Structure formats: C-alpha cells, structure tokens
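# missing the sequence, but the structure's below:
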C-alpha cells in the first residue's frame, strides 16, 4: 500500500509535469519498478555481496541471479574491470543447492600497473599488451559449477555450518574454490553474522604454453547484517584476500589485502537485490613473493587487486 | 535524484501478501458462535522482562492484542519474524490458558507456508506454558520451512507465558 501511495503521490505528478528528460526517465523507471515489484516474488537470497551464509534453496525450488561487479582505481593510470555473472541455482534437497553460471567481463587499463605499465586485471591475464597500450577487452571468462551443502542450520542448531565448492574453467585457467561457511543469528534471526574461509588453488596460463600452477587464494570473509525494517537489511563486510605462489598456504605469500564496506539488501517475496561497496584498506604488507611495485601507500595493486569494488546482485525465485 | 530511491526504501513494505483470514474470520473459526470483548493491554517493562525470562523469547512489541471469548477462553493476535517480513497469526487459548488452536492470518514469504498444515499446527493443542515449546524438542520441524516453524513455535511459547503473566485471573 505504501508503495502504491508513493507511486501515486510522488512519481506520477512528476512524470506528468515538466522537468528535464533525464529526471522524467528516472521517475518512470522507479515507477515501473514499484508497480512491477508486487508481481515479483522471494527466499534464500544473499545478505552480502561477497560473504555467503549457510542458507540454501528449498528442495525443488530454483532461482536466477545476475551479478555485476565493478572493480576500479589503481595507484596510477586508468583502470576498471566490469565482471558479470548469470547464475541458475536449484535446490536438490533442503540442504543441498547446485548452481551453474557463466562469467563474462569487460575491462580497460592504461599505465595502471607497477612502474606505470599497462596491466590488465587477472581475468584478462591471458593477454600481454604493450606496456604503453590503451588496453580494452571484452571476453567470456568461464563456466562454473557450484555446490553448497548445509551441515547445520542456524535456525535449528547453535550455529549454521556449510561447505561450498566451486569449479571454474575458462580461457587459460582452471580454478576450484572451496569454502567453509559459518552463520550465527541473533535477535530472532534479524541479526546475522557470517564468516567464510576459502581455499582456492588455480591453474593459470599467463603466457602461451600449458596450464601451470599459478597461485592459491586464501580468503577470509566476514559479514554482519541487521534487518532494520521488514524486507530491508543493512550490513558491513570485511574481506581479507591472500595469494600464495604455491599449492600451499604457509609459504611463498604474494599478496595480503583487506577490503571493507557497507552492504544493503532488499528482499521482496520472489525478488531480491543486494549492493555492496568495498574499499581496500591501507593494511597491505610486503611478503616473500610480493611482486615489486605492487604495494603503494599500504594498498596492494597487483593484477587481482584494486582500491574499490562495487557489487550488485539481483535475483528472482521460482 | 536520490528522492525516488529514498521513496523506494520507504515503500519497502510487503511486496505481496497472501491473506488467509481476517481477525473476525479467525475469531469465528476458532470460537464458533462466540462474541468477543476486546482487552488490549500495554505491557510494562517488568512484564516484558518476566515474559522474556520465562519464555526465553524476545518480546517484539509491548502491545498485547487480546479478546475474551464469551464461550470461555482468549483470542490473541500477534506476529513473529519471518524470513523477510512479519508473519501475523492468531492463537486461541481455552479457559485454562492452554492452546486451543493456531491460525496463520497472512503470509508474505515465498517459502514456508507449510506452517498452515493442520497436522503441524495440531502439535500445539493442549499445551500450556509448562510445556516449554521448542522446535525440534517437542514441536516437529518442517524441512524447508524451518525459520517459520521456529518463530511460530517461539511466538506461541511467548504468548502462553504472556497469558500467565498478564491475562490469567489471580488465584487460578
């Protein structure tokens, strides 16, 4: 009702009245969204942009998600990387969810890397442009399969525990990502704390030749969220990403970066949207295998790191 | 530019709800032929603390919506937290303060509406506050509707204790 009142009392007069065309287009888009939203429906949507909870789809239910992640700003030059993901998930049982998705990205880079060399982001590391080139690229990146199994439910047990495993295969790389998921709820499940610990070894080919071991990612993601009014949750995330030049994670460390920032989540009955904005904190330090010139001002600017990340996820449940 | 977005936030009420029963319909379903005397109450701080202590459930609102049935017993309307929105429900108590029946009035979630299953709801019948209702202990869960089951169970337990603390006649 409030939604309809808003549409009638605020948007429609503005659409009918005078005003510049951009503002009228924006009002029209919001009006369409408001009128469309009641027809959308909603369930196990993500509260966070980067951190997973242990929730899975109920058996026999499915969802479609669209992710958009923009990564931008290096220590110098120009850089942006637009990562896109289209995902389909299905609840095989009430605690086991399977997903299939495709990643496809676009990027631009110029004099952004160590010592001013043009350096594409990691998804485009199969390319080796001239150090002075204005690099632009759009590419299919990978096809991925992901499984989440919930061992304990935060609604029935002391805390939620789950395991996550993903296999990604794409142009010149193969990666598995394995997470332990933890979730603890408070205040009648309106306050959610979540933590993920990730082991992700990958084979990558930076130059022509066979796939060789490139690195292992060890990440720790933390999130806290509070449902402040029905349908809306606000939260905060802290992401620590570490890379190792090895299968192991106790030597040959390359990078160690911390990102943090707010998240906002809306869930309707069959629709959700989650936005997160992260900034890299100046907490990076040099390690045994750190590439020269990648740490500037306490931030890590190697090819898989940048200053800002913004992610928007939208999804529909069926 | 941000005004429409702020409006969207303010408009973030239930996008869509399935209304199963109005309050009047639930009253007639649970107490056929009865008339009702409204006895709404505002819980004070001490009552809230006692209810939370005895039930182990957080009290969401200090407003108690209660009606006394002419045929004996009480009709209570309350709501519990759902996955995304509140779940309004009605609880009928007999004149001893034991559960006579439950009805879900409205459901705004995509999944979990299995809590309307009469077989599941029948588990509550005859229980009083001494039963200490807990999901998985004396109330069976419905897989795929766990959060709704848990919160309805907690909500019933809280209202049973509320009856004891607030509505039960002295000396009973």
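Structure received. None of these values were measured; they are calculated from a predicted model.

# quick one, phi/psi of the closest residue to chain B within the stretch 151-300 of chain A?
Taking Cβ to the nearest Cβ, chain B has its nearest neighbour within the stretch 151-300 of chain A at residue A:268, 3.7 Å off. Backbone N, C-alpha and C define where each C-beta goes, glycine included. Dihedral pair for residue A:268: phi -90, psi -160, per degrees, to the nearest 10.

# ok, what's across the strand from residue A:260?
residue A:238, residue A:279 (DSSP bridges).

# neighbours of it, just the number please.
Residues lying near residue A:260 (other Cβ atoms under 10 Å in any protein chain shown) number 16.

# Then residue A:230?
Using other Cβ under 10 Å: residue A:230 sits among 16 other residues.

# Beta-bridge partners for residue A:160, please?
On the basis of DSSP bridges, residue A:160 is bridged to residue A:183.

# shouldn't it be in contact with residue A:153?
Yes: using Cβ atoms under 8 Å, residue A:160 is in contact with residue A:153, at 5.7 Å.

# and for the two, which residues touch both?
With contacts taken as Cβ atoms under 8 Å, 6 or more residues apart in numbering or on different chains, residue A:160 and residue A:153 have residue A:54 as neighbours in common.

# now stretch A:120-136, how far from the centre of its chain.
Centroid separation for stretch A:120-136 versus its chain: 22 Å, with Cα atoms, centre = their mean, to the nearest Å.

# List the buried residues in it.
By neighbour count on 16 or more other Cβ atoms under 10 Å in any protein chain shown, the buried set for stretch A:120-136 is A:120-127, A:129, A:135.

# Need the contact partners of it.
Residues contacting stretch A:120-136 (Cβ under 8 Å, 6+ apart): A:71, A:79, A:81, A:83, A:103, A:105-111, A:113, A:116-118, A:137, A:139, A:141, A:171-173, A:204-207, A:303-304, A:306.

# From these, list the buried ones, please.
Judged by 16+ other Cβ under 10 Å, buried ones among the contacts of stretch A:120-136: A:71, A:79, A:81, A:83, A:103, A:105-111, A:113, A:117-118, A:137, A:139, A:141, A:172-173, A:204-205, A:303-304, A:306.

# I'd like to know how many residues surround residue B:117.
Counted with other Cβ under 10 Å, residue B:117 comes out at 12.

# repeat for residue A:179
Counted with other Cβ under 10 Å, the neighbours of residue A:179 add up to 22.

# same thing with residue B:45?
Residue B:45 has 8 neighbouring residues, counting by other Cβ under 10 Å.

# Let me see the backbone angles for it.
phi -60, psi -40.

# That one and residue B:59, how far apart?
Note on residue B:45: its distance to residue B:59, by Cβ to Cβ, to the nearest Å, is 10 Å.

# Also residue B:105?
Relative to residue B:59, residue B:105 is positioned 19 Å away (Cβ to Cβ).

# what ranges do the helices span in chain A?
Taking DSSP state H, the helices of chain A run over residues A:2-6, A:12-16, A:21-36.

# so what's residue A:214 closest to, chain neighbours aside?
residue A:204 (3.7 Å; Cβ to Cβ, 6 or more residues apart in numbering or on different chains).

# any idea how far the one you found lies from residue A:171?
Taking Cβ to Cβ, one finds residue A:204 at 10 Å from residue A:171.

# Show me the shaky parts of chain B.
Regions of chain B meeting the criterion pLDDT under 70 cover residues B:1-16, B:171-172.

# can you list the residues of the stretch 101-250 of chain A near chain B?
Contact residues (Cβ under 8 Å from any Cβ of the partner chain) of the stretch 101-250 of chain A with chain B: A:153, A:155-156, A:187-190, A:227, A:229-232.

# what about burial for the residues you listed, which qualify?
Buried members of these, scored by 16+ other Cβ under 10 Å, are A:153, A:155, A:188-190, A:227, A:230-232.

# Among these, show me the least confident.
When these are compared on pLDDT, residue A:188 comes out lowest, with 88.

# From residue B:86, how far out is it?
From residue A:188 to residue B:86 the distance is 10 Å (Cβ to Cβ).

# likewise residue A:311?
29 Å.

# which of these two has more neighbours?
For residue A:311 versus residue B:86, neighbours defined as other Cβ under 10 Å are more numerous around residue A:311 (23 against 16).

# ok, the closest residue to that one other than its chain neighbours - how many residues close by?
Nearest residue to residue A:311, sequence neighbours excluded (Cβ to Cβ, 6+ apart): residue A:49, at 3.9 Å. A total of 27 residues lie near residue A:49 under the criterion other Cβ under 10 Å.

# how about residue A:49, phi and psi?
phi -80, psi -30.

# ok, residue A:302 - contacts?
So residue A:302 contacts A:243, A:254-255, A:290-291, A:294 (Cβ under 8 Å, 6+ apart).

# can you check residue A:92 too?
Neighbouring residues of residue A:92 by Cβ under 8 Å, 6+ apart: A:59, A:98.

# try the one 3 residues further on
With contacts taken as Cβ under 8 Å, 6+ apart, residue A:95 has the following neighbours: A:56, A:149-151, A:153.

# let's see 7 Å
A:56, A:149-150 (Cβ atoms under 7 Å, 6 or more residues apart in numbering or on different chains).
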